[in-house]
Structures are given as C-alpha cells and as structure tokens.
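**Student:** Next comes the sequence, and after it the predicted model I'd like to discuss.
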Amino acid sequence: MTGFSSEWENCYSNNTQLSSWPWSDVVSLVHRFCRPLLTSRDRAGKVLEMGCGAGANIPFFRELGFDYKAIEGSQTIVEVLHRRFPDLIDNIICGDYTSVNPFNEHFDLVLDRASLTHNNSKSIEKTLNIVYHSLKEDGLFIGVDWFSMKHTDVAFGVPVDDDFTRISFPHGQFEGVGKVHFSDENHIRGLFRKFEILFLEEKIINRYEPQDNHQFAAWNVVVRKGSV
C-alpha cells in the first residue's frame, strides 16, 4: 500500500492519535459551505472522508443525516470503527486513497482533515485527481489542517521526495508519523489548480507557555469541482 505509511498503523496499534471529537474547523466549514445539503428534505448528502483515522468526524456527519463513507489506510483502526459503528461496515473501507476510490458513486462532499498531508506532493496530486473525479458536479472538497511552511517543525524534519515533504522528526507532533507535507500559498494553489477555490485561510498559532517559540501553522481550504 504505497500511499499509506506503516507509521500510522503503528500509532493506532499502540493506541495513539485516537482523536474522538469532531474537529471544530470541520464543523464550522461544513455548516458554512454545505448549507444546501443540510437543509434539503429530498435526500441525504453524500460525504467521503479520506483518512478518517479514529472516526472523530463520523458522529458529526451522522447527526447531520449525511450518507457517510470513508477510506482509511490502517486495518487496525478500521476494525475498531467497524465494532463501534457496525452499520457502517460496508461504508468504511481499508484502502489506499492515493490509488483508487473503491466506492462506485459520486459525492457531494469529500473531506480531509490532515490525512493527505502525510504524503508527498506526487501522491497528493494523484489523490486530488481521484477526488475531482469522485465529486458530483459542483461538489466540494474541504481540507482542514494542511500544514504550512511557516510551521516551526518544518526545520526539524529531513527533506524527502520533494521540496515540501519531510520525514524523521525527532520530537514534537510529527514524531513517529512518517512523511509530513507542508505548503506555501503558491504550492497549495497549484495543487488545487483543477478546482475553483472558494475559501483559503492560513492559521498561525503562537505558543507562549511553555516558552519554546513554537508556531503551529496550517491551511484550511474549500474548493469546488470545476473545469480545467
């Protein structure tokens, strides 16, 4: 499975990275940009999550009435999710989203919260091409926490594959998680060149205690399927 790092399988096997609450930026961006899906009485919106991890966003989408599906690379966490959500056994699939979308349908929304960012540029471009062809006309992609080149930890990783990807972080939030991809504005606009960018923001959070000069920086992006 070339698109998924074994480090994440190890994380889930060791019961780490088990976020259980919906990410606040996911909640706010879905409510802001997917309102027609939330107010429709005719049908449930279809959402595909790339790399659902421990399933933090699943209860949120189920509460909204979405038809939820996910592709996740870790067999360990997929089995956990199947036990937790037995009615979603056919909807949460272990697979490599950088290679193929196993669901034979199109989606109103594709979501990624800091999963694609654990691949190199080439794999991200391949995945976004799959996303494009997996969306309905005017369908949306929401990306949350795509790490920025302004993130302090960029300096601690070893460059690999391309100018934007790092590996082998000795400490911090990226220790032990394999590849981490960082973007500047021009790069992220280039990655989404096939889409219409509706929303792009860079979050920068400076930490004052402990006094370690740490800066978290990441992009949130909302794009719509459009012509090249």
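**Tutor:** In hand now; what should we look at?

**Student:** any idea where the helices of the protein begin and end?
**Tutor:** 6-13, 24-33, 35-39, 58-64, 75-84, 121-134, 185-191 (DSSP state H).

**Student:** Among these, show me which one is buried the most.
**Tutor:** Greatest average neighbour count among these goes to helix 121-134 (a mean of 19), per mean count of other CB atoms under 10 Å. C-beta here means a position set from N, CA and C on the backbone, and glycine is covered the same way.

**Student:** Give me the distance between that helix and the centre of its chain.
**Tutor:** Distance of helix 121-134 from the chain centroid (CA atoms, centre = their mean, to the nearest Å) equals 12 Å.

**Student:** which residues touch that helix?
**Tutor:** Identification of contacts with helix 121-134 by CB atoms under 8 Å, 6 or more residues apart in numbering yields 2-3, 48, 50, 97-101, 103, 106-107, 110, 116-117, 119, 141, 161-162, 164-165, 181, 187, 191-192, 194-195, 225.

**Student:** buried subset of the residues you listed?
**Tutor:** Buried members of these, scored by 16 or more other CB atoms under 10 Å, are 3, 48, 50, 97-99, 101, 103, 106-107, 110, 116-117, 119, 141, 164-165, 181, 187, 191-192, 194-195, 225.

**Student:** related to what we said a few turns ago, JSON lines please, covering the helices of the chain and showing distance to Gly157.
**Tutor:** Listed next are these as JSON lines, based on distance: least, CB to CB, whole Å:
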{"stretch": "helix 6-13", "distance to Gly157": "13"}
{"stretch": "helix 24-33", "distance to Gly157": "24"}
{"stretch": "helix 35-39", "distance to Gly157": "37"}
{"stretch": "helix 58-64", "distance to Gly157": "30"}
{"stretch": "helix 75-84", "distance to Gly157": "24"}
{"stretch": "helix 121-134", "distance to Gly157": "15"}
{"stretch": "helix 185-191", "distance to Gly157": "16"}
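
**Student:** Out of those helices, the one nearest His214 is which?
**Tutor:** Minimum separation from His214 across the helices of the chain (CB to CB) falls at helix 24-33, 19.5 Å.

**Student:** any chance you could map the strands in this protein?
**Tutor:** 46-50, 67-72, 92-94, 107-113, 135-147, 158-159, 165-167, 180-181, 195-206, 215-225 (DSSP state E).

**Student:** Next, format those as TSV and append distance to Ser40 and mean pLDDT.
**Tutor:** Shown next, in TSV, are these (distance: least, CB to CB, whole Å; pLDDT from 0 to 100):
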stretch	distance to Ser40	mean pLDDT
strand 46-50	12	97
strand 67-72	12	96
strand 92-94	24	96
strand 107-113	10	97
strand 135-147	13	97
strand 158-159	46	98
strand 165-167	39	97
strand 180-181	35	97
strand 195-206	19	98
strand 215-225	17	98
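
**Student:** quick one: which of those is nearest Phe174?
**Tutor:** strand 180-181 (4.9 Å).

**Student:** Against which helices or strands is that closest one packed?
**Tutor:** strand 135-147, strand 165-167 (3 or more CB pairs under 8 Å, 6 or more residues apart in numbering; DSSP states H and E).

**Student:** got the contact list for it?
**Tutor:** Taking CB under 8 Å, 6+ apart as the rule, strand 180-181 contacts 116-121, 124, 146-147, 153, 157, 164-167, 169, 174.
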